[in-house]
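In: A predicted structure for the sequence below; I have some questions about it.
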Amino acid sequence: MTTVADLARWLDRFAPRHLAESWDNVGLLWGDPKTEVTKVMTCLTVTDETAREAIDEGAQLIVSHHPVLFKAVKRVRADVRETGMLWHLGRAGVSILSPHTAFDNTVGGINDALAARLGLAEISPLRRAESVPTSYKIVVFTPSEARSEILSAAFEAGAGRIGAYEECSFTNEGEGTFLGTEGAKPAIGESGRLESVRELRIEVICPQDKLDAVLGAIRARHPYEEPATDIYPLHTSPAQRPGAGRLGRLPNPTTLRPFVERVTSLLKAQGVQYAGDPGRRIETVAIVCGAGDDFLPDAARVGADVLLTGEARFHRALEAEALGVGLVIAGHHATERPGVEDLADRIQSEHPGLAVWASRTEHDPWRS
């Protein structure tokens, strides 16, 4: 049996949440983790239309690129446009997962797929991710008889997961000493006397968003009045934090106008706009799916000849001209919908017992 929680864990391995932008809202956003899943629909955005499709087709899970509940709401009502779809999905037992910018940024994600479609070589991140702690190692010292209780508490609170493995820990034995001062109530020995006891050193990995819960659970189950606990921040390797956007090189350089025509054909995009000299030589290409015009300074900094993205404001076109960087606007839907289709294929390949499809009713709202 495959559950919503199983698919959430799989998605977090493929597009880890630590790759998402700090402002984003990713992961399981709606539904019951314990629900059994037999049908999954992917889509770019949960709308009345895509929600109805999922319900009519009997899906238990939607994997939507764009998050629902991105902004705080004070009420969920069936007769309100912004929340009506959630009411109906909830009644039908449909959950929603969203990878959003974690999917944009991950290896094999949307930006990598766009780079591959364009045939780019020497692909690298456009904007490198900062090295920040994404998880912690918790070390706690305890008498041996409390080991199982403490580990159970830590695992229940969310610690001990490494990739596809759960309840991971390490234990070794040593000797601990302590002297309880006046007012102390030691679980072993007496206050005012130096005690020496055989103890275990237990280590578990804990995700950043579970740290407070795990520490609280350990403290609640620990027999000591003052548990000795160490917390070490863990940083991901460069390969695990590839960064946002992509930069690559066209093996056969072209000029801006033919490049725009190629983008239009490959992405089946409508009304593609561009800024810059049509005869400008294009070899180094920067890519940012969706709303990525704020990456224009990054593209200029690394010497890109053009930035391909989904949407941009008017003044970005003027800025592109001033910087001498071509700017191609292919549409939010056109730059991200192929990734949604790729994701459906990936889920199907990894979970052959499920029925998985990309929404058949979803369409680009823009007309030309």
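Out: Received, thanks.
In: Please make it C-alpha for all contacts and neighbour counts, starting now.
Out: Fine.
In: quick one: the lengthiest strand in the chain to chain centroid distance?
Out: The strand that spans the most residues within the chain, counting by DSSP state E, is strand 194-207. On the basis of C-alpha atoms, centre = their mean, to the nearest Å, strand 194-207 sits 33 Å off its chain's mean C-alpha point.
In: That strand - contacts with which helices or strands?
Out: strand 133-142, strand 170-179 (3 or more C-alpha pairs under 8 Å, 6 or more residues apart in numbering; DSSP states H and E).
In: Show me what the first one pairs with in its sheet, parallel or antiparallel.
Out: Pointing back at strand 133-142 there. Within its sheet, strand 133-142 is paired with strand 194-207 (antiparallel), strand 229-235 (antiparallel), according to DSSP bridges.
In: pLDDT (mean, whole number) over that strand?
Out: Mean pLDDT, strand 133-142: 88.
In: Which positions in whichever helix or strand comes after it come out as buried?
Out: Downstream of strand 133-142, the first helix or strand assigned by DSSP states H and E is helix 147-156. By neighbour count on 16 or more other C-alpha atoms under 10 Å, the buried set for helix 147-156 is Arg147, Ile150, Leu151, Ser152, Ala153, Ala154, Phe155.
In: what about the residue nearest to Arg201 when sequence neighbours are not counted, how many residues close to it?
Out: Excluding the flanking residues, the one nearest Arg201 by C-alpha to C-alpha, 6 or more residues apart in numbering is Phe141, at 4.7 Å. By other C-alpha atoms under 10 Å, 24 other residues sit near Phe141.
In: Asp79 too?
Out: 10.
In: And it, how close does it get to Cys206?
Out: 41 Å (C-alpha to C-alpha, to the nearest Å).
In: Likewise for Leu11?
Out: From Leu11 to Cys206 the distance is 18 Å (C-alpha to C-alpha).
In: More neighbours: which of the two?
Out: Neighbour count, other C-alpha under 10 Å: between Leu11 and Cys206, Cys206 has more, with 29 against 22.
In: Just the pLDDT at the residue nearest to that one when sequence neighbours are not counted, thanks.
Out: With sequence-adjacent residues excluded and distances taken as C-alpha to C-alpha, 6+ apart, Cys206 is closest to Ala159, at 4.4 Å. Looking at Ala159, its pLDDT reads 93.
In: which secondary structure element contains Ala159?
Out: Of the helices and strands defined by DSSP H and E, none includes Ala159.
In: Test my guess that it contacts Asp212.
Out: No. With contacts counted by C-alpha atoms under 8 Å, Ala159 stays clear of Asp212, the gap being 10.8 Å.
In: Of those two, which one has the most company?
Out: Ala159 (29 against 11).
In: Provide a list of residues in contact with the more buried one.
Out: Glu167, Val204, Ile205, Cys206, Pro207, Lys210, Val214 (C-alpha atoms under 8 Å, 6 or more residues apart in numbering).
In: Mind doing that once more with 10 Å?
Out: 135-138, 151-153, 166-169, 204-208, 210-211, 213-215 (C-alpha atoms under 10 Å, 6 or more residues apart in numbering).
In: For PyMOL, what selects the buried ones among the residues you listed?
Out: Restricted to buried positions by 16+ other C-alpha under 10 Å, the PyMOL selection for these reads:
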select buried, resi 135+136+137+138+151+152+153+167+169+204+205+206+207+208+211+213+214+215
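In: Need the CA coordinates for the longest helix anywhere in the chain. CSV is fine.
Out: Using DSSP state H, we find that the single longest helix of the chain is helix 332-350. C-alpha atoms of helix 332-350 as CSV (Å, rounded to 0.1, in the frame of the first residue of the first chain):
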residue,chain,number,x,y,z
HIS,A,332,4.9,31.2,-17.1
HIS,A,333,2.9,28.2,-18.3
ALA,A,334,5.2,27.4,-21.2
THR,A,335,8.3,27.3,-19.1
GLU,A,336,6.8,25.2,-16.2
ARG,A,337,4.1,23.0,-17.7
PRO,A,338,6.7,20.6,-19.3
GLY,A,339,8.1,20.0,-15.8
VAL,A,340,4.7,19.0,-14.5
GLU,A,341,4.4,16.5,-17.3
ASP,A,342,8.0,15.2,-16.7
LEU,A,343,7.1,14.8,-13.0
ALA,A,344,4.1,12.7,-13.8
ASP,A,345,6.3,10.4,-15.8
ARG,A,346,8.9,10.3,-13.0
ILE,A,347,6.3,9.4,-10.3
GLN,A,348,4.9,6.7,-12.6
SER,A,349,8.3,5.2,-13.2
GLU,A,350,9.1,5.1,-9.4
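In: The very next helix or strand once past it - which strands sit beside it in the sheet, and in what orientation?
Out: Tracing the chain C-terminally past helix 332-350 and defining elements by DSSP H and E, one meets strand 355-358 next. Here strand 355-358 has these sheet partners by DSSP bridges: strand 39-43 (parallel).
In: Next, the angle helix 332-350 makes with the partner strand.
Out: 160 degrees (axes from the mean of the first three to the mean of the last three C-alpha atoms, to 10 degrees).
In: average pLDDT across strand 39-43?
Out: 98.
In: do the same with stretch 115-126
Out: Stretch 115-126 comes out at a mean pLDDT of 96.
In: The closest residue to Phe170 other than its chain neighbours and Val140: what is the separation?
Out: In this structure, Phe170 finds its nearest non-sequential neighbour in Glu203, 5.1 Å apart by C-alpha to C-alpha, 6+ apart. Glu203 sits 7 Å away from Val140, going by C-alpha to C-alpha.
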